[in-house]
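Colleague: below: sequence and its predicted model.
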Amino acid sequence: MKSGITILSVVVFASVPLWLRDPYLMNALITTGIFVIGAMSLNLLLGFTGQLSLGHIAFFGIGAYVSALTSLGFDVGLPFGLRIVHTPWPPIAGFVLAIAIAGLCGYLVGLLSFRVRGAYFVIVTISFAEVVRLVALNWVELTQGPLALTNIPSMTIGLPGLGELTLRTKLQNYYLVLSVALVTYLLISRLVHSHFGRAMRGLMENETLAVSVGIDVTKTLTLAAVISAGIAGAAGSLYAHYIRIIDPEVFAFINTVTMVIMVITGGKGSLAGPVVGGMIFGLLPVFLRPIMAPEAQWIAYGGVLIVILFVLPRGIVPSLAQRFAKRPGRAEKAAPVAFSERGVKEHA
Amino acid sequence: MSEFLQHLINMLVLGGTYALLGIGLTLIFGIMNVVNFTHGVLYTFGAYIMFIVVHQLGINFFLALPLAVVAGWLLGAVIELTLLRPLRGSDIDTTMLVMIGAWIAMQSGTLWIWGGVAKSVTTPFPEAPLVLGPVSVSWLRLFVLAAAALLIVVTYFLINRTKLGCAMRATFQDQDTASLMGVNVDLIYTSTFAIGSSLAAAAGALLGPVYVIFPQMGDLAAVKAFAIVILGGLGNITGAVIGGFILALAEELGAGYVSSGYRDAMGFLIIIAVLIFKPTGLFARSERVG
């Protein structure tokens, strides 16, 4: 049943451009898709290891800046008379570098904060995002500061036998984002069901027990942080080449909160959760815009986050899955509930 | 040298309010095990109370500070009673996320009510600064330092010399035993959160007139308060006071001798240094909470 729903969703998403012609809505869908990728990466940490990255937008923004700078080129002076001159590379190189450098930052943040448990990771990530924002704002020679990086080239992909294709239209970008989102979904799905995924969940459920069966806590958490940051970097790169202008505002805390709300509402620790939550909160502003001021919307989002935590603490997708699971005959296939138990059994 | 002395004076003024922020946050974390993300909003709230009292109600500047403390106390109590009490016993992540939701809703609320334009508060102090040899300091900043020092001392006595403070320390050490000894733990939780919130509001009311008042001012304050609390050790009040002054010193020296653009990055550098060299905070061995 579960893979059926997945395939059906892919077909529905793939057919959207056939019946949706409104460019405004297409634009909203593309940016929503990019944020869904970000939310999926956040869910890998929050939902499967229990670590809340409250500076997740830093990895996203680093990806955006790395990708933009790689494809734009730069010329900066460093201390001790050093000078780095970079001539523009194709955007796809920027995409790869964005993943690598965002992942590296995830490694450093993880290395630092997983030495101690508890709230430290949250606080380190939140201040990390703040510092990255300050760097983007103040290192004008590299980032143009508040003047923003403009004229970022559109994403170009090389097709075997067909030459290069530059993705300029909304339609092309829609399919690009959809493919990256699908790859991300499958990647996280494989990861979660692997040995590593069970180690992550084992840690979240009972750290002492997990350690006693030989799981290396710091290594597992750090690896999860690297992968999560890398995916967020990929989303940032897509964002930079689609919007084609980025400024330090991309690091705004509110963007991290958006992702957190998407994950919590959809259901942390479920694969489809961030997709469902992301679609809701990505498209909600489109429909609320005519009737509510942005500030009022944000009051509502904060309220929704609180209400969801009180009423549906596990989020929409796991709650629905549980409801279906209660029906006779379907109990075996119902996903997230059963799968945590299966993980434990396989381990034991 | 005179430049350095000037930085030290500024550090004292800034450090006093940072200490207030840090004490509030560390109290709440130490006793309730809640990572309080509304702390920054309470700071903003205190500053706006200052603005309203002085400019919209036309009441005396000096009366505004106690009013901000009371308003912060009340708002803190409301947050505790409505959001945290029903979640008593749930894990730290859930309360943290609820506090994030409250933060976003309340911050957007301030933006909605007062708009995004920065406001400034006129003060009754003379424009001319007090000149002491090579350094000068404005009368307003001196008042801020004195008021912050007074509040720190009051908090210290409240926790170490009163019955309520004794009950708070007991709850911090062992909640169940405290409860058996007749301590009303629910009341302690509400009081702790209200006191912590009133200190944040006081810090905002004090620093608001020094700078300008705008809805997002609390975000940075919250990040700084976290740095202070990590520096001093989670739950350690003396550590929070010293941490506040260390952060202020780092910011002043960093802004003065490195780059003013990175003033606000000092908190993060401090967090990194602490996590590398002494992850439990600088004063972990000393007795916690008073």
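Modeller: The structure has been received and is ready for your questions.
Colleague: point out where the stretch 51-200 of chain A drops to low pLDDT.
Modeller: Within the stretch 51-200 of chain A, the ranges that satisfy pLDDT under 70 run A:117-118, A:159-162.
Colleague: residues of the stretch 201-348 of chain A that sit close to chain B?
Modeller: With Cβ under 8 Å from any Cβ of the partner chain as the criterion, the stretch 201-348 of chain A meets chain B at residues A:253-254, A:257, A:260-261, A:264, A:293, A:295-306, A:309-310, A:313. (Each C-beta comes from the backbone N, C-alpha and C, glycine too.)
Colleague: now, which of those residues lie within helices?
Modeller: Among those, the members falling in helices are A:253-254, A:257, A:260-261, A:264, A:295-306, A:309-310 (criterion: DSSP state H).
Colleague: once you drop chain neighbours, what's closest to B:A105?
Modeller: The shortest distance from B:A105 to any non-neighbouring residue, by Cβ to Cβ, 6 or more residues apart in numbering or on different chains, is to A:G302 (2.9 Å).
Colleague: the ones in helices among the residues of the stretch 201-348 of chain A next to chain B, buried ones only, as a ChimeraX selection?
Modeller: Those of these that count as buried under 16 or more other Cβ atoms under 10 Å in any protein chain shown are selected in ChimeraX with:
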select /A:253,257,260,261,264,295,297,298,299,300,301,302,304,305,306,309
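Colleague: contacting residues around B:G101?
Modeller: When contacts are counted by Cβ atoms under 8 Å, 6 or more residues apart in numbering or on different chains, B:G101 touches A:I261, A:G302, A:G303, A:V304, A:L305, A:I306, A:L309.
Colleague: ranges for the helices of the stretch 1-150 of chain B?
Modeller: Taking DSSP state H, counting those that start in this stretch as the criterion, the stretch 1-150 of chain B carries its helices at B:2-32, B:39-51, B:61-79, B:92-114, B:139-161.
Colleague: just the stretch 151-300 of chain A next, same as before
Modeller: A:170-192, A:195-205, A:207-212, A:217-243, A:253-266, A:273-288, A:294-311.
Colleague: show me the one of those that comes nearest A:G106.
Modeller: helix A:217-243 (2.6 Å; Cβ to Cβ).
Colleague: related to what we said a few turns ago, so which of the contacts of B:G101 is the closest to A:L72?
Modeller: For the contacts of B:G101, the nearest to A:L72 is A:I261 (32.3 Å; Cβ to Cβ).
Colleague: and the closest residue to the closest one other than its chain neighbours, what pLDDT?
Modeller: Once flanking residues are discounted, A:I261 sits nearest to A:L305: 5.2 Å by Cβ to Cβ, 6+ apart. Looking at A:L305, its pLDDT reads 89.
Colleague: go on, A:R330?
Modeller: Confidence score, pLDDT, at A:R330: 48.
Colleague: please identify the most buried of the helices of the stretch 1-150 of chain B.
Modeller: Of these, the one with the most neighbours on average (mean count of other Cβ atoms under 10 Å in any protein chain shown) is helix B:39-51, at a mean of 28.
Colleague: starting at the chain centroid, how far to that helix?
Modeller: Offset of helix B:39-51 from its chain centre (Cα atoms, centre = their mean, to the nearest Å): 10 Å.
Colleague: output the contacting helices and strands for it.
Modeller: Contact partners of helix B:39-51 among helices and strands, from 3 or more Cβ pairs under 8 Å, 6 or more residues apart in numbering or on different chains; DSSP states H and E: helix B:2-32, helix B:61-79, helix B:92-114, helix B:185-207, helix B:217-232.
Colleague: state the mean pLDDT of whichever helix or strand comes after the last one.
Modeller: What it means is helix B:217-232. Counting by DSSP states H and E, the element after helix B:217-232 in chain order, helix or strand, is helix B:237-253. The average pLDDT for helix B:237-253 rounds to 91.
Colleague: which bits of the stretch 1-150 of chain B sit near chain A?
Modeller: Of all the residues in the stretch 1-150 of chain B, those lying near chain A are B:29, B:35, B:83, B:86-87, B:90, B:92-94, B:96-98, B:100-109, B:111-112, going by Cβ under 8 Å from any Cβ.
Colleague: now do 10 Å
Modeller: With Cβ under 10 Å from any Cβ of the partner chain as the criterion, the stretch 1-150 of chain B comes near chain A at residues B:29, B:33-35, B:37, B:82-83, B:86-87, B:90-113, B:115-116.
Colleague: for the helix or strand of chain B with the lowest mean pLDDT, buried residues please.
Modeller: Lowest mean confidence among the helices and strands of chain B (mean pLDDT, DSSP states H and E): helix B:266-277, at a mean of 80. For helix B:266-277, the neighbour count (16+ other Cβ under 10 Å) marks B:M266, B:G267, B:F268, B:I270, B:I271, B:I272, B:V274, B:L275 as buried.
Colleague: was I right about the first one contacting B:L253?
Modeller: Just to be clear, that refers to B:M266. Yes - B:M266 lies in contact with B:L253 (Cβ atoms under 10 Å); the separation is 8.4 Å.
Colleague: which residue does the stretch 201-348 of chain A bring closest to chain B?
Modeller: Proximity of the stretch 201-348 of chain A to chain B (Cβ to the nearest Cβ) peaks at A:G302, 2.9 Å away.
Colleague: spit out the contact partners of that residue.
Modeller: Residues in contact with A:G302, defined by Cβ atoms under 10 Å, 6 or more residues apart in numbering or on different chains, are A:257, A:261, B:98, B:100-109.
Colleague: one more pass at 6 Å, please.
Modeller: By Cβ atoms under 6 Å, 6 or more residues apart in numbering or on different chains, the contact set of A:G302 is B:G101, B:I104, B:A105.
Colleague: just the closest of those residues to A:H241, please.
Modeller: B:I104 (29.2 Å).
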